[in-house]
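Asks: need a 3D model of the sequence below.
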Amino acid sequence: MALQAEKVDLSAIKVNQASIISITLVGFIFNVPTLVAFVGVVMIAGTAWKELALFKQFYRRVLKPAKLMEPNIVEGPSAPHEFAQLLGGIFLIVGSVLLFSGSIFWGWALAWVVILLAAVNLFFGFCAGCFLYYQFGKLGVPGFRTRISE
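Replies: Purely as a prediction, here's the structure:
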């Protein structure tokens, strides 16, 4: 099944990624697991309800109106990006639970997976979660698609 044609603002995604990296990294540097949990909750909530995507809202309501960032709108589905965000949020929530329960190494390891994959997407344009989304589509996993409809 094909994805419906949509438009995605890559600038909003980049602000989201930069926020995820920055806040999670500050959490690591200052050993504040609450920041990891906060970012995870924001990612999951923002996937479920777009108005709760705080980092993207910051772009839409502050950076874009102030002309500090220009939109970079491309035609494409939002579902792969939302899946990637959900997956990253789950990693951060599990990581924060591990941190709070005393499993420091594994908690920060999961946080670093999210930091590194978000950085790869931000700086090199490769979205590992999106790639995984399309692989699930190719495997015929229900709910995952393989392409944009014509």
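Asks: what separates the most centrally placed residue in the chain from residue 68, distance-wise?
Replies: Nearest to the geometric centre of the chain sits residue 85, at 3.0 Å (C-alpha atoms, centre = their mean). To residue 68, residue 85 is 22 Å away according to C-beta to C-beta, to the nearest Å. In short, each C-beta sits where N, CA and C put it, glycine included.
Asks: check residue 93 too.
Replies: According to C-beta to C-beta, residue 93 stands 30 Å off from residue 68.
Asks: compare the two (neighbour count), which wins?
Replies: Shown here are residue 93 and residue 68; by other C-beta atoms under 10 Å, residue 93 has more neighbours (18 against 10).
Asks: my guess is that one meets residue 33, correct?
Replies: No - with contacts counted by C-beta atoms under 8 Å, residue 93 stays clear of residue 33, the gap being 11.0 Å.
Asks: and the helices in the protein, which stretches?
Replies: Secondary structure of the chain (DSSP state H): helices at 10-29, 33-48, 54-58, 79-100, 104-124, 128-138.
Asks: in the second one, what counts as buried?
Replies: Residues 33, 35-44, 46-47 are the ones in helix 33-48 that count as buried (16 or more other C-beta atoms under 10 Å).
Asks: just checking, what packs against it?
Replies: With contacts taken as 3 or more C-beta pairs under 8 Å, 6 or more residues apart in numbering; DSSP states H and E, helix 33-48 sits against helix 10-29, helix 54-58, helix 79-100, helix 104-124.
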